[in-house]
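Student: below are the sequence and a predicted model for it; my questions follow.
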Amino acid sequence: MTSRDQIIKLLRSQPVGYVSGQEISRRLNISRTAVWKQIQVLRDQGFEFAVKHAAGYRLLASPDLLLAADIENGLNSRLIGRKVVALRETASTNSLIRTLADQGASEGTLVVADRQSAGRARLGRHWTSPAGVNLYCSLLLKPDIPVQLAPQMTFLSAVSVAETLQQVCRLPAVLKWPNDVLVNGAKIAGLLNEMNAETEQVHEVVLGIGINLNMTADQLPAQLNYPATSVLLESGRKVDRLLFLRALLENLDRTYTEFQEHGFAPIRRRWEGLSVLINRPVVVEQAGQTLQGTVVGLDSDGALRLQTADGKIERILAGDVKTSDF
Ligand code: BTN
């Protein structure tokens, strides 16, 4: 936690009273001048303070920013989000967390940014990431699994995102293989999971999660080859980003614990229950070939199981899957 985060945490613990500069300096073990300088930086970030001679500082208002202290404080989580890095802006939270991982960041570390200047999506695409509206975050996991099972982490995060949208926003979120989260046929969230493997074993997995929460129609990216939406557009209501993120982290933590204790089977069942493709006839475009069949499930390595007209089961590892409505 930075000293600015600590100041906010301390002032929030005294919502009506004042905390003196001397007390802040003693608690944080920094000089009075350093306290004053940090208060100026916080003012520049949009925090408002009342200052009273001989009494000190009182927090009057906070900007709509995700702060590490607010995310971490009292979070009901064993591992996920125990250490948070929250920034106003970064190029891509996935890129930043990979740098932190190289510097020894612990499993469960979360990087969240208010805005991304170069947000990344799958297939080298760009992820539109304006400030103040959505959620852009990346999580570092170190699962003890062989490389070919790394896609399991994608399904783990997809299940947690869809369930959190259902629970917090009361939206009918569903999943489309491999990693899209949809509401009413439009994409509301995307996952970009990246792996660092040593020999046959997974070393680290970065779960990159982008969720369109309070984006308005004019903020949606203009040229997409799929329909996109946000919680605000679907429900007509703004969602509290902090509340949503905390609920998501707690869900991810429970799901990851379940994975460590019972393996992938329970997560696969949850994914199949949320999938729009299960028991549906689909057309798959794969390396220039077209395959038709009915989706019957998910394999443990993340392959989609497709039953063709002659009863054979085909395993789909990559490609574009289309139904009559998606
Ligand atoms: C996709 O749907 O293709 C994946 C989009 C993933 C976007 C998120 S936003 C947070 C994290 N940082 C990134 O640069 N990308 C992911």
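Tutor: That came through, no problem. Numbering: from 1, shown residues only.
Student: surely R254 is within a helix?
Tutor: Yes: looking at R254 with DSSP: H, G, I helix; E, B strand; the rest coil, it is inside a helix.
Student: count the residues that sit near it.
Tutor: R254 is flanked by 16 other residues according to other Cβ atoms under 10 Å. From N, CA and C alone the C-beta is placed, and that goes for glycine too.
Student: quick one: L291 from the ligand, how far?
Tutor: According to Cβ to the nearest ligand atom, to the nearest Å, L291 and the ligand sit 23 Å apart.
Student: just give me the neighbour total for the nearest residue to that residue once chain neighbours are set aside.
Tutor: Distances taken as Cβ to Cβ, 6 or more residues apart in numbering place V284 nearest to L291, at 4.5 Å, with adjacent residues excluded. For V284, the count of nearby residues is 20 (other Cβ under 10 Å).
Student: I figured V284 was touching A303, is that so?
Tutor: No: applying Cβ atoms under 8 Å as the test, V284 and A303 come out as separate, 11.6 Å apart.
Student: shared neighbours of these two, anything?
Tutor: Taking Cβ atoms under 8 Å, 6 or more residues apart in numbering as the contact rule, V284 and A303 both touch I316.
Student: can you list the residues of the stretch 151-300 of the chain near the ligand?
Tutor: 190-192, 208-210 (Cβ under 6 Å from any ligand atom).
Student: mind listing which of those residues are in helices?
Tutor: Here DSSP state H is the test, and those give no hits in helices at all.
Student: sort out which of those are buried, if you could.
Tutor: Buried residues within those, counting neighbours by 16 or more other Cβ atoms under 10 Å: 190-192, 208-210.
Student: narrow those to those in strands?
Tutor: Judged by DSSP state E, strands contain the following of those: 190-192, 208-210.
Student: show the contacting residues for the residue nearest to L291.
Tutor: 290-293, 306, 316, 319-322.
Student: show me which of those are buried.
Tutor: By neighbour count, with 16+ other Cβ under 10 Å, those hold 293, 306, 316, 319, 321 as buried.
Student: now, the most widely separated pair of these?
Tutor: G293 and G319 (12.3 Å; Cβ to Cβ).
Student: show me where the stretch 201-326 of the chain has strands.
Tutor: 201-211, 281-286, 289-298, 304-307, 313-316, 320-322 (DSSP state E, counting those that start in this stretch).
Student: got the contact list for whichever residue of the chain sits closest to the ligand?
Tutor: Distances between the chain and the ligand by Cβ to the nearest ligand atom are smallest at G190, namely 2.1 Å. Counting by Cβ under 8 Å, 6+ apart, G190 makes contact with 121-122, 127, 179-181, 209-210.
Student: hey, what's it bridged with?
Tutor: D180, G210 (DSSP bridges).
Student: for S160, see how far away it is.
Tutor: 14 Å (Cβ to Cβ, to the nearest Å).
Student: swap in A34?
Tutor: A34 is 39 Å from S160, by Cβ to Cβ.
Student: more neighbours, those two?
Tutor: Using other Cβ under 10 Å as the criterion, A34 and S160 rank with S160 on top: 25 against 14.
Student: for the closest residue to V84 other than its chain neighbours, what are its contacts?
Tutor: Spatially, and ignoring its direct neighbours in sequence, V84 is nearest to A68 (4.2 Å; Cβ to Cβ, 6+ apart). Going by Cβ under 8 Å, 6+ apart, A68 touches 1-2, 5, 84-86.
Student: which of those has the most neighbours?
Tutor: Counting neighbours by other Cβ under 10 Å, V84 comes out on top of these with 24 neighbours.
Student: make sure that one is actually in contact with L110.
Tutor: Yes: because the distance of 4.9 Å satisfies Cβ under 8 Å, V84 is recorded as touching L110.
Student: any common contacting residues for these two?
Tutor: In contact with both V84 and L110: I71, using Cβ under 8 Å, 6+ apart.
Student: related to what we said a few turns ago, now the strands of the stretch 201-326 of the chain as JSON lines including mean pLDDT?
Tutor: JSON lines is the format used below for those (pLDDT from 0 to 100):
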{"stretch": "strand 201-211", "mean pLDDT": "93"}
{"stretch": "strand 281-286", "mean pLDDT": "88"}
{"stretch": "strand 289-298", "mean pLDDT": "91"}
{"stretch": "strand 304-307", "mean pLDDT": "94"}
{"stretch": "strand 313-316", "mean pLDDT": "92"}
{"stretch": "strand 320-322", "mean pLDDT": "85"}
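Student: need those strands in JSON lines with distance to S230, can you?
Tutor: Formatted as JSON lines, the strands of the stretch 201-326 of the chain follow (distance: least, Cβ to Cβ, whole Å):
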{"stretch": "strand 201-211", "distance to S230": "9"}
{"stretch": "strand 281-286", "distance to S230": "27"}
{"stretch": "strand 289-298", "distance to S230": "27"}
{"stretch": "strand 304-307", "distance to S230": "27"}
{"stretch": "strand 313-316", "distance to S230": "29"}
{"stretch": "strand 320-322", "distance to S230": "24"}
